[in-house]
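S.K.: here is the input, now give the coordinates:
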Amino acid sequence: MTPRRRPILVSWSGGKDSALALYRLLQGETWEVVGFLCTFTAPYRRLTMHGVRRALVERQVASMGLAPMVPILIPAHASNAVYEAAWAEALAPFRQRGVRHVAFGDIFLEDIRAYRWRQMTALGMEPVWPIWTGTPDREVGLALLKDFWQAGFRTRVVCVDARYLSPAWAGQELTPGAVRALPRDVDPCGERGEFHTFVFQGPLFAEPLRHRLGIRVTREGFHYRDLVPL
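M.R.: Numbering: from 1, shown residues only. I've put the predicted structure just below:
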């Protein structure tokens, strides 16, 4: 008899880390994904931090055909208290169904890990980290990216921190060559927030997510490149 899989929610940013985390999560027999938690800044209908249009994220989730998207709507410049309250509200119906786990795509930042623990355990839930390494070693990050590319994923940079990268990076596909061109003070996975990405092709999706590059804008210290669905 095959053991019953345990239900789990996935914190989904649409980027490479959450995609690789989900890919690894699905390799075993342990988990059944029951929802994708996506945080949007409500006035803009875009992913918080990444700036990707909600319509593109909806296409990602639909193309995977695994579970529904669970939108978490927050105002612009939301405080931690507002953010956490929105998450608690979104998780409540799943907790009532007995779901107790949420997967995150964090890699090595201990303060983020500790925050997730506090946030989830306060709600009676437990975080899961499929790609956690616990080390900022550059070679470890490059090994994660190698796994990502070898699996057949493709991803595009959609947002960069202006302190680390020029506007020209926003909109580039994150290829091995692009990673080699990153400044040495930038983590190859952008784990410290140096850049964020949108995955548009890979083994999770029934078909590539067609899009074109839109305008580039700079706002509050970040360069964004809009992706327009086709």
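S.K.: which residues of this structure fall in strands?
M.R.: 6-11, 31-41, 46-47, 69-74, 101-103, 126-128, 154-161, 195-201, 211-219, 222-229 (DSSP state E).
S.K.: got the angle for the fourth one vs strand 6-11?
M.R.: If I follow you right, that is strand 69-74. Put simply, strand 69-74 runs at 50 degrees to strand 6-11, going by axes from the mean of the first three to the mean of the last three C-alpha atoms, to 10 degrees.
S.K.: and Arg5, how many neighbours?
M.R.: Counted by other C-beta atoms under 10 Å, the residues lying close to Arg5 total 13. For every residue, glycine as well, the C-beta is placed using N, CA and C.
S.K.: Leu56 now?
M.R.: 20.
S.K.: show me the contacts for it.
M.R.: Gly14, Phe198, Leu209, His211, Leu227, Pro229 (C-beta atoms under 8 Å, 6 or more residues apart in numbering).
S.K.: how does it look with 7 Å?
M.R.: Listed by C-beta atoms under 7 Å, 6 or more residues apart in numbering, the contact set of Leu56 reads Phe198, Leu209, His211, Leu227, Pro229.
S.K.: same question for Tyr83.
M.R.: Taking C-beta under 7 Å, 6+ apart as the criterion, Tyr83 is in contact with Ile74.
S.K.: gap between it and Pro167?
M.R.: Distance, Tyr83 to Pro167, by C-beta to C-beta, to the nearest Å: 28 Å.
S.K.: residues near the spatially closest residue to Arg97 that is not a sequence neighbour, how many?
M.R.: With sequence-adjacent residues excluded and distances taken as C-beta to C-beta, 6 or more residues apart in numbering, Arg97 is closest to Pro7, at 7.5 Å. Applying other C-beta under 10 Å, we find 17 residues neighbouring Pro7.
S.K.: this protein: helices as residue ranges?
M.R.: For the chain, the helices defined by DSSP state H occupy 16-25, 54-64, 80-96, 110-121, 138-150, 176-180.
S.K.: out of the ones you listed, which is closest to Val160?
M.R.: Distance to Val160, taken as C-beta to C-beta, is lowest for helix 176-180 among these, at 11.8 Å.
S.K.: quick one: mean pLDDT over that closest one.
M.R.: In this model, helix 176-180 has a mean pLDDT of 98.
S.K.: now stretch 152-160
M.R.: Mean predicted confidence for stretch 152-160 is 98.
S.K.: dump the residue contacts of Ala21.
M.R.: Contacts of Ala21 by C-beta under 7 Å, 6+ apart are Ala103, Phe104, Gly105, Pro130, Ile131.
S.K.: any idea what Glu32 is bridged to?
M.R.: Using DSSP bridges, the bridge partners assigned to Glu32 are Pro7.
S.K.: same thing with the one 4 residues further on?
M.R.: Listed by DSSP bridges, the beta-bridge partners for Phe36 are Val10, Met69.
S.K.: list the contacts of it.
M.R.: Per C-beta under 7 Å, 6+ apart, neighbours of Phe36: Val10, Trp12, Val61, Ala67, Met69, Val70.
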